[in-house]
Structures are given as structure tokens and as C-alpha cells.
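> Fold the following and give me the result.
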Amino acid sequence: MTRLGSAPTTVSPSERIFVGSEVRESQIFGKGLFAAQDVKKGTIVCSFTLGAKVMTEQTYVQACDDGIMPIMRTGTRYAGRYFTFGNEDAPYNFINHSFTPNLLCHCGVVLALQDIGCSEELTLDYRFLIDTIDIAAYDDAPTGRPIRGFPAKEAMLRSARLLIRLLEEVEEWDG
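Next comes the predicted model:
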């Protein structure tokens, strides 16, 4: 997959993304990842951990300070003080930020927070994915507001609460 050109790139479910999706121009920012099928609330969409490497928060922060683009582009909070990185060609790298996302990331597993229609853009709240020091590295495209990562414990507690609420709301959950 490549970011070059303007033609959409359709991705079939695979080992890195479990739902059909399409990379194309986004109204939010640059290119985005769009559902190529209806996705039911609670569906596991992808996992950032599959095939990824793990590093400590200290290593992640230093890599960001040093401007190491592969880590800056793919690094996401895994759990606690650990971050995953790698999988530069994974389509999920095109998921854009939203303060009102339709996806939730908990410990690297990404689930649909609501029913998502075919052609709807997939979004995550980056505050769960980045470090507290990443101010100005990411801004919310619609508002220009800086996106500041949650501290490790807060990210874990918030995502766990959202996950519990999500699973309680889904009648028959099988992933």
C-alpha cells in the first residue's frame, strides 16, 4: 500500500485489519481509512500489536524528540509505559483522530464503539495512543486544538471503562 496518487486502496480483511477497508482522501486530514463494509458495534477492527515491536515509553519519547519518523508515525500506547511500533504498511496507520471517535483502542486492540456504515471514516481518539509530552505533534484537524495524550494510568482506566460499557451494551458479542 502506498500514499502516492489519489486512487483509493481497498484492503480486504487480513492479519492486520479484520474488516474490509479503503484508504482514500479524508475530510478530516490527508488520507483516512474508511469502512468498505458495515461494521457492527463491538467488532474487533484490528490489533496494533500483531507483528509490531514493543518499546518503553522512555524510548518512545526519545525517538519522538529525535524525530525518528517510523516510530513517530506508527508508535501507539500499548499498555502502561509500553508502546508498540512498526507495521508501517498497515492500513490502520491511516486512521485519523477524532475527539468523538467511532473506534476504541484498549491495549492495542481496536473495537467499533458504534455501528459503522460502509464508506464511513474510521476514527480514534489519539489521546489514548500518544504520550503526554506529544503536545503540538498532533492537532485536531477540524478545531486546530492540540491533542495531548493521557497519562498511562488514565489511558488504561478510561479505555477499560469504555470497553466495559461497550461490551455491556452489545447483546451477543463474539468479537
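
> May I see the buried residues of the longest helix seen in the chain?
Assignment by DSSP state H gives helix 152-169 as the longest helix of the chain. Neighbour counts using 16 or more other Cβ atoms under 10 Å place Ala152, Ala155, Met156, Arg158, Ser159, Leu162, Leu163, Leu166 of helix 152-169 among the buried residues. Where you see a C-beta, it was placed from the backbone N, CA and C, and this is true even at glycine.

> do stretch 17-37 as well
17-24, 26, 31-36.

> ok, so of these, who is nearest Met72?
Lys31 (16.9 Å; Cβ to Cβ).

> Now stretch 99-114 - C-alpha only, PDB.
Below are the C-alpha coordinates for stretch 99-114, written out as PDB (Å, rounded to 0.1, in the frame of the first residue of the first chain):
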ATOM      1  CA  PHE A  99     -12.500  13.700  19.900                       C
ATOM      2  CA  THR A 100     -15.700  11.800  19.200                       C
ATOM      3  CA  PRO A 101     -14.300   8.600  17.600                       C
ATOM      4  CA  ASN A 102     -16.200   5.600  16.300                       C
ATOM      5  CA  LEU A 103     -13.300   3.200  17.400                       C
ATOM      6  CA  LEU A 104     -11.800   2.500  20.800                       C
ATOM      7  CA  CYS A 105      -8.200   1.200  21.400                       C
ATOM      8  CA  HIS A 106      -7.600  -0.800  24.500                       C
ATOM      9  CA  CYS A 107      -4.200  -2.400  25.000                       C
ATOM     10  CA  GLY A 108      -3.600  -2.300  21.200                       C
ATOM     11  CA  VAL A 109      -6.900  -3.900  20.300                       C
ATOM     12  CA  VAL A 110      -9.300  -1.700  18.300                       C
ATOM     13  CA  LEU A 111     -13.000  -2.100  18.500                       C
ATOM     14  CA  ALA A 112     -16.000  -0.400  17.000                       C
ATOM     15  CA  LEU A 113     -17.700   1.900  19.600                       C
ATOM     16  CA  GLN A 114     -20.800   2.100  17.500                       C
END
